[in-house]
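> Dropping the sequence and predicted coords here.
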Amino acid sequence: MSIKQLATNTNQGAIAVKNKSTGNIQNTVKYKKPFLKYASQNKWLYFLVMPGILYLLIFNYIPMFGIVIAFKDFNFVKGIWGSSWIGFDNFERLFRSKDFYIVLKNSILLSFYRLIWGFPFPILVALLLNEIKNMTFKKVTQTVMYLPHFISWVVVSGMIINFLAPSGAINYIVQMLGGKSVSFLQKPEYFRSIVVAAGIWKEVGWGTIVYLAAMAGIDQEMYEAAYIDGANRIQRILYITLPSILPTIFVLLILNMGNVLRNGFEQIFLLYNPMVYSVADVFETYTYRIGLQSGRYSYSAAVGIFQSVVGLILITVTNKIAKRMGQSTLY
Amino acid sequence: MNQKKFTCFDAIVYSIITIISLCMLFPFINVIAVSMSDYSAYLKNPLMLWPKDLDWGAYNYVFTHPLLASSYKNTVIVTAVAVVLSLFITVITAYPLSKPDFRGKTIIINLLIFTMLFNGGLIPNYYLIRSMGLIDSLWALILPGLLGAFNVILMKNFMESIPQSLEEAAKMDGASELYVLFKIVLPLSTPILATLGLFTAVGHWNSFFNAVIYIRDNHKWTLQLLLREIIMSASLVDNQLEAQKYVMPETIKYASLIVVMLPIMCIYPFLQKYFVKGIMIGAVKG
């Protein structure tokens, strides 16, 4: 690069040092340009990035400051500035309320069930898919399996509500087998299973993609060596494929654990009803109900903060753990 | 390694995958079949896989529903505008970040990443939208989530893979930064643009949460809201049937499911490869 090019848009400037005796240009000394000079030479880059920053400040960072709502006795008429300060009152009320612990328990339990039941499935299916040699069969089945991921929870919940209705498909089978029809969605003891099963149906296909991508990177020679050593199919899967995707599994597992307080709003909201609140209510639905529907804004904000802050701590900790284990992380 | 023969193990694998695929398909087929059937035929056999006593009454109800046209229109507008704006702002934010010696890069990227980890919660976000006067406006469905940190990072990574030499050559010919972005980098970025655009489109088409908290006026409803209403069979809507049906037959509910799903189902088989490739780019990065 010539000195001129170096000078225009890089971070560095260059000085030509003239050798006093020979009159030749001998050295170029690079120095870090002052910021303003760099900015004016690259002003378009800064103009381009400005709208994005503005957007983040308005739509992401301002709401973070809205957290003060939890510390005030908030109502919309008075606004944030006009509402009076009540400090940690809401949090005291929160930690003393029975409801809070129910919601906390539900959120954690649901996440754990999803982890225990839902996490292994995509791995198993990916292992199976990886063993399929017929490309057409593989493509067709994959297309079918990704399908549920692309429909909305409103549609899926619509299907579930109808399948589980007294006149629906499931009860039809139950009655054929001699049983009595059951209102599944209204029974607390079935709710978690329904939610977890629905989640698995919807996401297992899509979840295989990450693992299949990891498997695609496995060195085929390992399989050949194992075959020569006399390993059968199952042994090859257990001793080559599985260990090779273990890093991926680990990362995803840890990331999932960081999200333990987060359950999707739509999935629960669209399936729950007052009869199953005791098992179904999670943070998202609770903050919605008492916040926007009952109008207890400050209290709801406090609940939301609890979830966000604890969630942040969990994610940061789990990311550090993942990093320390030498695996790659979310960012 | 010659695996020419089809072993017992293969048979098991193929069978399991087939069963799983059928499990995925069955609800869709059932829904389609029931939606075209007579209601009493459904009651006799809810598990049907093929329409019995072909009856278009359900679809007739859905298509003449007073709020269907407006809901469709709203959803299409929100999706289209959101895709265009989102791609635009993602591109212009990602481009400077993809430059190796862009000063301020680390700060901005950290700013972005932090938004992935922490947010104000429901009430502050609601208050913000309300303060902007956007309650009951379609903009409340378009603006939140326009700039996603994950998308920016994906696009930035993609742009970084475009050879610097192209840009340098253009600059030596006197091209401005904007020219490089819009005439060189952007055309080369069509794969990632297609992927992100499709994901954004599907996300907005299927979005329910934002609509339920920000929209009250039923003329501003999106399809998902309308669908939810039909499923819950509330009879707030003036319908064309003589009797106000309090419980809508499942045939109507299923027909409305199909009508809402239809556009996604139609484009899905053709564009599936873009979706999968997009996830691979994001997944393998980790």
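That came through, no problem.

> can you tell me the helix or strand for residue 107?
With no chain named, the answer covers chain A. Taking DSSP states H and E as the definition, A:S107 sits inside helix A:98-113.

> Let me rephrase: I mean chain B.
Going by DSSP H and E, B:I107 is in helix B:105-117.

> in what helix or strand does the residue lying closest to A:I321 once chain neighbours are set aside lie?
Spatial nearest neighbour of A:I321, chain neighbours left out: A:I254 (6.2 Å); criterion: Cβ to Cβ, 6 or more residues apart in numbering or on different chains. Just so you know, the C-beta spots here come from the backbone N, C-alpha and C atoms, and that holds for glycine as well. Secondary structure from DSSP H and E places A:I254 in helix A:242-258.

> In this structure the residue nearest to A:I321 contacts A:K323, no?
No - the criterion here is Cβ atoms under 8 Å, and A:I254 misses it with A:K323 at 9.8 Å.

> These two: which has the busier surroundings?
Of the pair A:I254 and A:K323, A:I254 is the one with more neighbours under other Cβ atoms under 10 Å in any protein chain shown, namely 21 against 13.

> so how far is A:L115 from the more buried one?
11 Å (Cβ to Cβ, to the nearest Å).

> Repeat that for A:Q175.
Distance from A:Q175 to A:L115, counting by Cβ to Cβ: 34 Å.

> who's more crowded, those two?
Shown here are A:Q175 and A:L115; by other Cβ under 10 Å, A:L115 has more neighbours (16 against 13).

> Tell me the secondary structure of that one, please.
helix (DSSP: H, G, I helix; E, B strand; the rest coil).

> which of the residues in the helix holding B:I107 are buried?
B:K105, B:I108, B:I109, B:L111, B:L112, B:F114, B:T115, B:L117 (16 or more other Cβ atoms under 10 Å in any protein chain shown).

> Tell me who's in contact with the residue nearest the centre of chain B.
Nearest to the geometric centre of chain B sits B:V202, at 1.4 Å (Cα atoms, centre = their mean). Residues near B:V202 by Cβ atoms under 8 Å, 6 or more residues apart in numbering or on different chains: A:F150, B:I264.

> Spatially nearest residue to the closest residue to chain B within the stretch 201-331 of chain A, not counting backbone neighbours?
Closest residue of the stretch 201-331 of chain A to chain B, Cβ to the nearest Cβ: A:G304 (2.9 Å). Distances taken as Cβ to Cβ, 6+ apart put B:G121 closest to A:G304, at 2.9 Å, once the chain neighbours are dropped.

> Just give me the neighbour total for that neighbour.
Neighbour tally, B:G121, other Cβ under 10 Å: 28.

> That one and A:Y297, how far apart?
Distance from B:G121 to A:Y297, by Cβ to Cβ: 11 Å.

> Any residue of the helix holding A:S107 touching chain B?
No - shown here: helix A:98-113 not in contact with chain B (Cβ under 8 Å from any Cβ of the partner chain), separated by at least 13.8 Å.

> what's the closest of the buried residues of helix B:105-117 to B:I231?
B:T115 (33.5 Å; Cβ to Cβ).

> Tell me how many other residues surround the residue lying closest to that closest one once chain neighbours are set aside.
Leaving aside its chain neighbours, B:T115 sits nearest to A:N60 (4.3 Å; criterion: Cβ to Cβ, 6+ apart). By other Cβ under 10 Å, 22 other residues sit near A:N60.

> Can you tell me the centre-most residue of chain A?
In chain A, the residue lying closest to the centroid (Cα atoms, centre = their mean) is A:N259, at 7.0 Å.

> Let's see the pLDDT reported for it.
At A:N259, the model reports a pLDDT of 85.

> Check B:G104 too.
For B:G104, the pLDDT comes out at 87.

> Same question for A:S84.
Reading off the confidence values, A:S84 has pLDDT 81.

> repeat for the one 10 residues further on
The predicted local confidence for A:L94 comes out at a pLDDT of 88.

> SS state for it?
State at A:L94, reduced to three classes by three-state DSSP: helix.

> Identify the residues contacting whichever residue of the stretch 151-286 of chain B sits closest to chain A.
Chain A sits closest to B:N206 of the stretch 151-286 of chain B, with a gap of 3.3 Å, by Cβ to the nearest Cβ. By Cβ under 8 Å, 6+ apart, the residues touching B:N206 are A:F150, A:I151, A:S152, A:W153, A:V154, A:V155, B:Q224, B:I264.

> Quick one: mark the members of those residues that sit in strands.
Among the contacts of B:N206, the subset assigned to strands under DSSP state E is empty.

> what residues are up against residue 100?
You didn't say which chain, so I picked chain A. Counting by Cβ under 8 Å, 6+ apart, A:F100 touches A:L94, A:V303.

> To clarify, I was referring to chain B.
B:E160, B:Q164.

> give me the element A:L312 is part of.
helix A:297-324.

> which helices and strands sit right next to that helix?
Applying 3 or more Cβ pairs under 8 Å, 6 or more residues apart in numbering or on different chains; DSSP states H and E, one finds that helix A:297-324 makes contact with helix A:89-96, helix A:98-113, helix A:242-258, helix A:283-287, helix B:105-117, helix B:122-131.

> One more pass at 6 Å, please.
helix A:89-96, helix A:242-258, helix A:283-287, helix B:122-131 (3 or more Cβ pairs under 6 Å, 6 or more residues apart in numbering or on different chains; DSSP states H and E).

> Quick one: end-to-end length of stretch A:260-276, please.
21 Å (Cα to Cα, to the nearest Å).

> can you check stretch B:162-176 too?
Span of stretch B:162-176 from end to end, Cα to Cα: 17 Å.

> picking up where we left off before, so which of the contacts of B:N206 belong to helices?
Counted as lying in helices by DSSP state H, out of those, are A:W153, A:V154, A:V155, B:Q224, B:I264.
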